[in-house]
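A.B. asks: Generate a structure from the sequence data that follows.
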Amino acid sequence: MKIKKIITSLLISILGICLFFVFGFQIDVAGGATTAGGTADVTLDPAKVAADQANAAVAAAELALEESQLTLAAIQLIISESSTALAAAEQAVTDAQEDLDLAILNGFVPGDPEYDAALLALEAAQSSLEAVQLIILENEAALAAAEQAVIDAEAALAAAILAAEEANAAYTTSLKVPDEEELAELQLAVEEAQKALDDAIAAGGYTEEELAELQEELDKALAALETGGSGEGEYYHIITNSNNGGSFDMEGNHAGNAGEIVPYTFTADESYELAWIRIGNTKVYAYELQNLFEFSFNKKNLTMHAHFKKVKDSEPDEEVITTGEGTEEGDTGEGEEPPEEETEKKNNGNGKAKGKDKEKSNNGKKKDK
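C.D. replies: Here you go, the predicted structure:
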């Protein structure tokens, strides 16, 4: 039975490797850890994330170009209307000047009502003309800025389209559409996964969790065969757990689709502090200052474990005076309990751990594939 289980485990690992080389799964993790806790942003399939972001940038650039073009059209309309107003203002000045000239020709002089009225009309027409000219100057400056905005928006759109083409090409390449030989391997993977599950059921002695793992591998193999290497519908598994003394904001098993960015937060409880966080097989130790980290994994399953420890009492121990006949200050004479670090070393030495040091997990037997 033990040999059969070992063979089954090896088969599961081989199936996982086979699927990876067909699809090229990747998980990126970036964040930071301090003694109080930290964050870890998990990116599922960075190539798809980059492609999605590049496509979103193209959409934003197209919207910016459309808005700049609308602004330019509005300013052009204002200038067009201002040109009509300018012509009218210039004609009003011309007419007012003619009226004043006619008043002078008729012998009217300053102080005469006819002369003063004509002069006042001319001054008003000139003021109106100056106002229209000022508006046109301002609109011409706005027009130049709007025209430059359109040029910039067009350049930004062209750059966004180029970046999107490169990102989409990289993502398409990462999907690795299989040839006939690879499809045959996928078919063989399905058959082997089905046989492993059937053999386990027939042999008996497997836990529900182990059978569920075999069923999951069969489902993955079937999905890979059905998609034909397109990578559509692929999902990732993230497992988070911690010992006593703190926790993740989301603990247990989590499934995510390719292209998602999932943020996790891990926080120490009162009187505890973070010792380290293990991401995959790599430990990141916590310090008072943030310890930044960034990892990439060529896999679609990842486990993160946050390990917390009790904060040592910062108050000095009560002084004990030895009299030779025992102890004072209420000492009972019983042996002093070893420091926590020594206890931990002893526990590690004999392979046992007290309950408070045991890791808690929604799926304790779940392993990274």
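A.B. asks: For D116, see how far away the spatially most central residue of the chain is.
C.D. replies: Nearest to the mean C-alpha position of the chain, counting by Cα atoms, centre = their mean, stands I261 at 4.6 Å. Remark: distance between I261 and D116 (Cβ to Cβ, to the nearest Å) = 78 Å. Just so you know, the C-beta spots here come from the backbone N, C-alpha and C atoms, and that holds for glycine as well.
A.B. asks: go on, V284?
C.D. replies: Counting by Cβ to Cβ - V284 and D116 are separated by 90 Å.
A.B. asks: Looking at the two, which is more packed in?
C.D. replies: Using other Cβ atoms under 10 Å as the criterion, V284 and D116 rank with V284 on top: 21 against 14.
A.B. asks: for the stretch 151-300 of the chain, what spans make up the helices?
C.D. replies: 180-203, 208-227 (DSSP state H, counting those that start in this stretch).
A.B. asks: Highest mean neighbour count out of the ones you listed?
C.D. replies: Each of these was scored by mean neighbour count; the highest is helix 208-227, a mean of 17, by mean count of other Cβ atoms under 10 Å.
A.B. asks: what's that helix packed up against?
C.D. replies: On a contact count with 3 or more Cβ pairs under 8 Å, 6 or more residues apart in numbering; DSSP states H and E, helix 208-227 meets helix 2-23, helix 180-203.
A.B. asks: and the direction of it versus that of helix 180-203, what angle?
C.D. replies: Compare the direction of helix 208-227 with that of helix 180-203 by axes from the mean of the first three to the mean of the last three Cα atoms, to 10 degrees and you get 160 degrees.
A.B. asks: rank the helices and strands packed on helix 208-227 by pLDDT, which is bottom?
C.D. replies: Mean pLDDT is lowest for helix 2-23 among the helices and strands packed on helix 208-227, at a mean of 42.
A.B. asks: Distance-wise, check the nearest residue to D95 once chain neighbours are set aside relative to A286.
C.D. replies: In space, and not counting its chain neighbours, D95 is closest to A125: 7.5 Å by Cβ to Cβ, 6 or more residues apart in numbering. According to Cβ to Cβ, A125 and A286 sit 79 Å apart.
A.B. asks: Which one's more surrounded, the two?
C.D. replies: Legend: neighbour count by other Cβ under 10 Å for A125 and A286, higher for A286 (25 against 20).
A.B. asks: wait, isn't the more buried one in contact with T267?
C.D. replies: No: the criterion here is Cβ atoms under 8 Å, and A286 misses it with T267 at 11.6 Å.
A.B. asks: gap between the helix or strand L302 falls within and the chain center?
C.D. replies: Assigned by DSSP states H and E, L302 falls within strand 301-310. Mean-position distance between strand 301-310 and its chain equals 21 Å (Cα atoms, centre = their mean, to the nearest Å).
A.B. asks: just to revisit the earlier point, in three-state terms, how would the residue nearest to D95 be classified?
C.D. replies: helix (DSSP: H, G, I helix; E, B strand; the rest coil).
A.B. asks: Quick one: residues contacting it.
C.D. replies: Contacts for A125 (Cβ atoms under 8 Å, 6 or more residues apart in numbering) come out as A89, A92, V93, D95, A96.
A.B. asks: Please apply the same query to A268.
C.D. replies: Contacts of A268 by Cβ under 8 Å, 6+ apart are T35, A36, G37, G245, G246, L274, F308.
A.B. asks: okay, those in JSON lines with neighbour count next?
C.D. replies: Output for the contacts of A268, formatted as JSON lines (neighbours: other Cβ atoms under 10 Å):
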{"residue": "T35", "neighbour count": "20"}
{"residue": "A36", "neighbour count": "15"}
{"residue": "G37", "neighbour count": "23"}
{"residue": "G245", "neighbour count": "21"}
{"residue": "G246", "neighbour count": "21"}
{"residue": "L274", "neighbour count": "26"}
{"residue": "F308", "neighbour count": "26"}
